[in-house]
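Trainee: Okay, predicted coordinates and the sequence, questions at the end:
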Number of protein chains: 2
Amino acid sequence: MRRASALRTSRPKAGAVKPARGRAAAAAPSVRERILIVAERMFAEHGMEGVGLRAITAAARVNLASIAYHFGSKDGLLEALFAQRAAPIAQERLRLLALCCEDGKTPTLEQILDAFLRPALTLGVQPQFGGPAFVKLRARLGTEPETTARKILAKAFDQSSRKFIDAIAQALPGQPREEIEWRYHFMLGTMFYTMANSGRIQSLTDGRCDPGDVKRALHHMIPFLAAGFRSAPVS
Amino acid sequence: MRRASALRTSRPKAGAVKPARGRAAAAAPSVRERILIVAERMFAEHGMEGVGLRAITAAARVNLASIAYHFGSKDGLLEALFAQRAAPIAQERLRLLALCCEDGKTPTLEQILDAFLRPALTLGVQPQFGGPAFVKLRARLGTEPETTARKILAKAFDQSSRKFIDAIAQALPGQPREEIEWRYHFMLGTMFYTMANSGRIQSLTDGRCDPGDVKRALHHMIPFLAAGFRSAPVS
DNA sequence: ACATTAAACAAACGACTGTTTACTTTGCGA
DNA sequence: TCGCAAAGTAAACAGTCGTTTGTTTAATGT
């Protein structure tokens, strides 16, 4: 890393997009938006270290310096990406959890797992821009080492994670806390690996099971994990 | 990538290590070995794209050109790393599986999972050289995109993977093949994420559960996965 | 009309990338 | 003791990296 580098001018406000002039057609995406879109896809595909800013700006048909201007740095770009995507996922998780807690009811384990997994696997899927890019990106960062990336990820999701561990614990009164924590960890692994969609299982099963098919993936995943969570605690 | 580049001289044979002169003390590791050791650790820690050859050769206290000399290229170094590590893991897996199939007995699901998971999590753990580095590296490559790396990984493990899917199917006669394949995929995710040891679960549980503690991890993991595998197939 | 300012741009910065070249040292068999 | 291939090395090569600079365009506020 070179230096902290204050921007020469104040950064433009996040939502400051001019309305489309003339017809109310789809507004041409701003430079900022185009960068975010292709960066999301390329980071996901090749990893943070695997793509250069030149590749991103070329693909977005945008000047190289635009990234410094709009996001300050490469890390700033990643941070902006997460600010735009992670928060909605965490919110949707909590919303779904609250939804099945209404009227003081205790939600089933399956409901909790669904509320946790579904937003992660479905939100931000934009087929017109190369598919579930953010989902892949998150999975990548989940296994990457202690970088700024991981801190961002932790900050974005730790809070909702704790809430879900609590909810699972409530749904499984007999289980020791530590057992639930281990199993939560296993669930994260299952989720991330499905999100990463490395292609390994497709080649191993001649395409019979495809983690990119989110509906089917969730349909198989939730009962599998629920059974694991409910099994007798060890030792 | 620059070019394929035939080596100027034939590569030295893999096992051509001179016996230690004088006392039978620990032979000073050859240049080749030192490169492999630190490359394993650094690739694992920062990913293939995250480390330069200069960082590796400096840490190994070895000349920069030694990598080209001994391995031909950066990818060649990774290939040599896998040739040294992956095969023993696959072999140990099949050995353990054969062991619990002796006398025509049908092994239990737990035995099969143990035979599959234990070698991956334990083999190649060298505390004196920065801990379970290869384990982390494998986890990283498992979520990385379609690079040479993933092809190497697939070639090294696909064969034994199919054998284990078959073994699990035999142990669970009631389950449709597709269900077993999905659950095998989920198991891979659990395994890789535990191997990656991203530190997320530690911070989430104040250190109570540590995926680096392999014995405990396996102890919790196998019953969890077994329960998932045994649960009723979905629709 | 003028000043201000966000946005976009081409060009360059120094550091670092994997790889190659040309050279020197080492060790062993004849 | 010579010969010769293996082993090891310093320096350079041709790029790419993330970042910075100085300038121009386009729109706003006064």
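Mentor: Nice, I can see it.

Trainee: What is the three-state secondary structure of A:Leu78?
Mentor: helix (DSSP: H, G, I helix; E, B strand; the rest coil).

Trainee: Could you say which helix or strand holds the closest residue to it other than its chain neighbours?
Mentor: Spatial nearest neighbour of A:Leu78, excluding adjacent residues (CB to CB, 6 or more residues apart in numbering or on different chains): A:Ala149 at 6.1 Å. Every residue, glycine included, has its C-beta placed from N, CA and C. According to DSSP states H and E, A:Ala149 maps onto helix A:148-171.

Trainee: Tell me the buried residues in that helix?
Mentor: Buried residues in helix A:148-171, defined by neighbour count with 16 or more other CB atoms under 10 Å in any protein chain shown: A:148-150, A:152-154, A:156-157, A:160-161, A:163-165, A:167-169, A:171.

Trainee: Now do A:Ala60 against DNA strand C, distance only.
Mentor: Distance, A:Ala60 to DNA strand C, using CB to the nearest atom of the strand, to the nearest Å: 9 Å.

Trainee: okay, now that residue: neighbour count?
Mentor: 21 (other CB atoms under 10 Å in any protein chain shown).

Trainee: for A:Ser203, same thing?
Mentor: 12.

Trainee: So A:Leu64: helix, strand or coil?
Mentor: Strictly by three-state DSSP, A:Leu64 counts as coil.

Trainee: which stretches of chain A have low pLDDT?
Mentor: Across chain A, the ranges flagged by pLDDT under 70 are A:1-28, A:124-131, A:145-146.

Trainee: got the residue ranges for the helices in it?
Mentor: Under the criterion DSSP state H, chain A carries helices at the ranges A:31-46, A:53-59, A:66-71, A:74-99, A:109-122, A:133-143, A:148-171, A:177-196, A:200-204, A:214-230.

Trainee: picking up where we left off before, so how far is B:Ser160 from the residue nearest to A:Leu78?
Mentor: A:Ala149 sits 33 Å away from B:Ser160, going by CB to CB, to the nearest Å.

Trainee: Please apply the same query to A:Gly52.
Mentor: Here A:Gly52 is placed at a distance of 37 Å from B:Ser160 (CB to CB).

Trainee: can you check A:Ala80 too?
Mentor: For A:Ala80 relative to B:Ser160 (CB to CB), the value is 43 Å.

Trainee: can I get the helices of chain A in a markdown table with distance to B:Asn63?
Mentor: As requested, the helices of chain A are exported to a markdown table (distance: least, CB to CB, whole Å):
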| stretch | distance to B:Asn63 |
| --- | --- |
| helix A:31-46 | 30 |
| helix A:53-59 | 31 |
| helix A:66-71 | 37 |
| helix A:74-99 | 31 |
| helix A:109-122 | 47 |
| helix A:133-143 | 32 |
| helix A:148-171 | 33 |
| helix A:177-196 | 37 |
| helix A:200-204 | 37 |
| helix A:214-230 | 49 |
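
Trainee: I'd like to know which of those lies nearest to B:Val135.
Mentor: helix A:133-143 (11.9 Å; CB to CB).

Trainee: Can you check what angle separates the closest one from helix A:109-122?
Mentor: Angle, helix A:133-143 to helix A:109-122, by axes from the mean of the first three to the mean of the last three CA atoms, to 10 degrees: 110 degrees.

Trainee: Is helix A:133-143 positioned near chain B?
Mentor: Yes: counting by CB under 8 Å from any CB of the partner chain, chain B has neighbours in helix A:133-143: A:Ala139, A:Arg140, A:Gly142, A:Thr143.

Trainee: which residues make contact with that helix from outside it?
Mentor: With contact meaning CB atoms under 8 Å, 6 or more residues apart in numbering or on different chains, helix A:133-143 is reached by A:40-41, A:43-45, A:47-48, A:81, A:85-86, A:120-121, A:123-126, A:149-150, A:152-153, A:188, A:192-193, A:195-197, B:139-140, B:142-144, B:192-193, B:196, B:198, B:200.

Trainee: For A:Pro119, give me its contacts.
Mentor: Contacts of A:Pro119 by CB under 8 Å, 6+ apart are A:Pro88, A:Ile89, A:Glu92, A:Arg93, A:Leu96.
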